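[1] Any chance you could fold what I've pasted below:
(one chain, ligands or ions: 2)
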Amino acid sequence: MTAPLTILRYPDPRLHTVAKPVAAVDERLRDLIDRMLATMYEAQGIGLAATQVDVHERLIVIDVSEERNKPLVLINPEITWASPEKRLGEEGCLSVPGIYDGVERSLAVRVRALDRSGQEQTIEAEGLLAVCIQHEMDHLTGKVFVEYLSMFKRGRIKTKMLKLQREDERHAQPVR
Ligand code: GNR
Ligand code: NI
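    Ligands and ions are numbered 1, 2, ... in the order given. Coordinates of the predicted model:
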């Protein structure tokens, strides 16, 4: 059984936690990976960082394939190179549902990480994968993409998210 996890929503302060390195690639970690993948696929996202499910370890899952069948697992990822050339692209985040805005990112990155068997892998990425890797790496250091936007836009987003949250709570009254 791979039960999906709850995704933290901005402005939850736990999204600003800095993740610690994963200590061991073991059964516990592989179970967490499977649950994160299930969570990402269910939410129809292209990536998910452990921070978003309130686990503060350096772990990311990604799938940018159309067919949703090419999972990438990055454990203790480090960006070893980022192209100086940048590009403004539209981003969204499962922790900030319904909000999309432009963020400048490196066009290409090289990332070194362990895979789910604990083997070191190096990934060279460009396009959507490069954007996604940079977005997920930010989550691991407690950064959400809206922090790149103006204070004005961020304030508006925060208000909208809190309102949405209150509405959710109102609709989720237990039946008695
Ligand atoms: O599903 C997601 N889509 C997306 C689109 C553009 C740039 C980044 C992303 S990542 C996001 C999933 C997510 O919130 N990952 O942290
Ligand atoms: Ni995100």
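[2] What residues of the longest helix along the chain count as buried?
    As assigned by DSSP state H, the longest helix anywhere in the chain is helix 151-171. Residues 154, 157, 161 are the ones in helix 151-171 that count as buried (16 or more other Cβ atoms under 10 Å). From N, CA and C alone the C-beta is placed, and that goes for glycine too.
[3] for stretch 142-152, same thing?
    Buried, per 16+ other Cβ under 10 Å, within stretch 142-152: 142, 143, 144, 145, 146, 148, 149.
[4] again with stretch 39-47
    For stretch 39-47, using 16+ other Cβ under 10 Å, the buried residues are 39, 40, 41, 45, 46, 47.
[5] Which of the residues you listed fall within strands?
    residue 47 (DSSP state E).
[6] ok, and which of the buried residues of stretch 39-47 reach ligand 1?
    45, 46, 47 (Cβ under 6 Å from any ligand atom).
[7] would you list those residues in a markdown table and tack on pLDDT?
    Putting these into a markdown table (pLDDT from 0 to 100) gives the following:
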| residue | pLDDT |
| --- | --- |
| 45 | 98 |
| 46 | 98 |
| 47 | 98 |
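[8] what's the closest of the residues you listed to ligand 1?
    residue 45 (3.3 Å; Cβ to the nearest ligand atom).
[9] Tell me how far the closest one lies from residue 92.
    For residue 45, the distance to residue 92 (Cβ to Cβ, to the nearest Å) stands at 9 Å.
[10] And the helices in the protein?
    27-42, 127-140, 151-171.
[11] most residues in a single strand of the protein, which one?
    strand 72-82.
[12] For residue 12, find the nearest of the helices of the chain.
    Taking Cβ to Cβ, helix 151-171 is the member of the helices of the chain nearest to residue 12, at 9.1 Å.
[13] can you list the residues of this structure near ligand 1?
    45-49, 52, 91-95, 131-132, 135-136, 139.
[14] circling back to that earlier point, name the residues of the longest strand of the chain that are buried.
    72, 73, 74, 75, 76, 77, 82.
[15] which residues touch the fifth one?
    Yep, that's residue 76 we're talking about. If you count contacts by Cβ atoms under 8 Å, 6 or more residues apart in numbering, residue 76 has them with 21, 22, 58, 59, 113, 114.
[16] Out of those, which is nearest to ligand 1?
    residue 59 (12.1 Å).
[17] Name the nearest residue to the closest one, ignoring sequence neighbours.
    residue 50 (4.2 Å; Cβ to Cβ, 6 or more residues apart in numbering).
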